[in-house]
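**Student:** Below are the sequence and a predicted model; questions follow.
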Amino acid sequence: MSNGLSDSVLYRLCLDAKPNSSEWFSTADTATRLLSAIKAFYRFLLTEPISLLQFAYGWNRLWYGPILGVALTFCLPLLPAFLMLVEVCKRLNEKFNPWVETDWKLAGPGRVFFVRPDAFVASLFWDFYLAVSVFLRLLPAVRHRQGWPHAHLVRRDHR
């Protein structure tokens, strides 16, 4: 390669990557990730409000049911805060409900992507980040379709 980057050099750069100001999954790192996701949400809200509204309606109805899902959609400008509140409620349920089921993110072999950091505040920021970023990750993937692009999100059977 003419610029001096070979596969082994690129591999080493990726392997040795570190955050600018802290350790991976520290409170500062997870807070930075959360703030980036929130910033992206409001960018979508300002630049593509109709697409975001349609997507939020389908997503919220799928994951939170017809009543809470529609209520969350009506609160679209405050949706990140409500998603964080839902995560706090999940945490309280995990703590005080002896019959609670294991969170789907932590139940299977893919749990390595969702394991919480050890520090309490960092783990809260991590859960908040996941709630907001997973929601946002699908929006760009489906916004370019014709018609109402989110019909597949409201069907649980995915036929």
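**Tutor:** Cool, the structure landed.

**Student:** Give the buried residues for the helix ranked longest in the chain.
**Tutor:** As assigned by DSSP state H, the longest helix anywhere in the chain is helix 49-74. Going by neighbour count (16 or more other C-beta atoms under 10 Å), the buried part of helix 49-74 is 51-52, 54-64, 69, 72-73. The way it works is simple: take the backbone N, C-alpha and C, and place the C-beta from them, glycine included.

**Student:** mean confidence for it?
**Tutor:** Averaging pLDDT along helix 49-74 gives 91.

**Student:** Following the chain onward from that helix, which element is next?
**Tutor:** Following helix 49-74 in sequence order, the next helix or strand is helix 79-96 (DSSP states H and E).

**Student:** Check the buried residues of helix 49-74 and tell me the two furthest apart.
**Tutor:** Ser51 and Tyr64 (19.6 Å; C-beta to C-beta).

**Student:** how far is the helix or strand where Leu138 lies from where the chain is centred?
**Tutor:** Leu138 belongs to helix 120-142 when elements are defined using DSSP H and E. What separates the centre of helix 120-142 from the centre of its chain is 2 Å, taken as C-alpha atoms, centre = their mean, to the nearest Å.

**Student:** Val121: how many residues sit nearby?
**Tutor:** By other C-beta atoms under 10 Å, 12 other residues sit near Val121.

**Student:** number of nearby residues for the residue lying closest to it once chain neighbours are set aside?
**Tutor:** Nearest non-adjacent residue to Val121, counting by C-beta to C-beta, 6 or more residues apart in numbering: Thr27, 5.0 Å away. Neighbour count of Thr27, defined by other C-beta under 10 Å: 18.

**Student:** Start the count at 107 instead of 1 going forward.
**Tutor:** All set: I'll call the first residue 107, so the last point we hit is now Thr133.

**Student:** Distance of Glu233 relative to Ala143?
**Tutor:** Not Glu; residue 233 is Asp. For Asp233, the distance to Ala143 (C-beta to C-beta, to the nearest Å) stands at 12 Å.

**Student:** Give me the more crowded residue out of those two.
**Tutor:** Under the neighbour definition other C-beta under 10 Å, Asp233 and Ala143 were set side by side, and Asp233 has more, 24 against 21.
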